[in-house]
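S.K.: this one's structure only:
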Ligand code: ADP
């Protein structure tokens, strides 16, 4: 039995950045892990779904189910998905069992200022309906296992916070207890390129 590490938070709150960082570090420590990025899942797995409450719930539950399958078979599932509704997160927690929720806490004003993908500007212009934080709710986690304040911490600080929390819970070994492998961002990049060549959306690191 393994576990699922779910990064939830507004768009631009740091989910992708931190999930990729943690995922690579786990791989480097020789831990079997998979990264499930909400955007990539939508493109490859949930193409037919939009952003109504029902569709969002289906998407988040699908990610939860895949995470359950992975975790049950000894693979850490690292998820980056907004998962805006508390009820659906709760259902996933029940299904998966070993579920660690990381709340990427960041005021809307900061996430909007970052506007990593230019989506907030489009949402404000009315081009994207039901945009989380603007025209659709984000229900903040009330009891997440971990909170990272990404408006006040550096990426490194937040990453260390997450890894330390996993170490302290004996979910992963300490770095100096591992045979550090040389799995790198480049390896991951090539793996994703191969997927792209087969017609899957690529998750560029
Ligand atoms: P999301 O996946 O939640 O939409 P991203 O990870 O794509 O968010 O973007 C977050 C942005 O915030 C990145 O540009 C990242 O460099 C920046 N950032 C600044 N501080 C942090 C932090 N402590 N943790 C994560 N991201 C941070």
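M.R.: Cool, got the structure. Note that this is a predicted model, so its numbers are computed, not measured.

S.K.: For the spatially most central residue of the chain, list each beta-bridge partner.
M.R.: In the chain, the residue lying closest to the centroid (C-alpha atoms, centre = their mean) is residue 80, at 1.2 Å. Beta-bridge pairing for residue 80 (DSSP bridges): residue 7, residue 37.

S.K.: what's it in contact with, if anything?
M.R.: By C-beta atoms under 8 Å, 6 or more residues apart in numbering, residue 80 lies in contact with 7, 15, 16, 18, 19, 20, 35, 36, 37, 38. In this view, the C-beta of every residue, glycine as well, is placed from N, C-alpha and C.

S.K.: Kindly report the same for residue 37.
M.R.: Counting by C-beta under 8 Å, 6+ apart, residue 37 has contacts 16, 19, 79, 80, 81, 203.

S.K.: Export these as a markdown table, with columns for pLDDT.
M.R.: Output for these, formatted as a markdown table (pLDDT from 0 to 100):
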| residue | pLDDT |
| --- | --- |
| 16 | 95 |
| 19 | 96 |
| 79 | 98 |
| 80 | 98 |
| 81 | 98 |
| 203 | 55 |
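
S.K.: What subset of those is buried?
M.R.: 16, 19, 79, 80, 81, 203 (16 or more other C-beta atoms under 10 Å).

S.K.: which stretches of the chain have low pLDDT?
M.R.: 201-205 (pLDDT under 70).

S.K.: can you list the residues of it near the ligand?
M.R.: Within the chain, the positions near the ligand by C-beta under 6 Å from any ligand atom are 9, 11-18, 80, 104, 114, 116, 150, 153-155, 158.

S.K.: Which ones among these map onto strands?
M.R.: Among the residues of the chain next to the ligand, the ones falling in strands (DSSP state E) are 80, 104.

S.K.: In helices, which of the residues of the chain next to the ligand fall?
M.R.: Of these, the ones assigned to helices by DSSP state H are 15, 16, 17, 18, 114, 155, 158.

S.K.: Counting neighbours, which of the residues you listed comes out on top?
M.R.: Among these, residue 15 has the most neighbours (other C-beta atoms under 10 Å), with 27 neighbours.

S.K.: Verify the stated contact: it with residue 83.
M.R.: No - using C-beta atoms under 8 Å, residue 15 is not in contact with residue 83, being 9.5 Å away.
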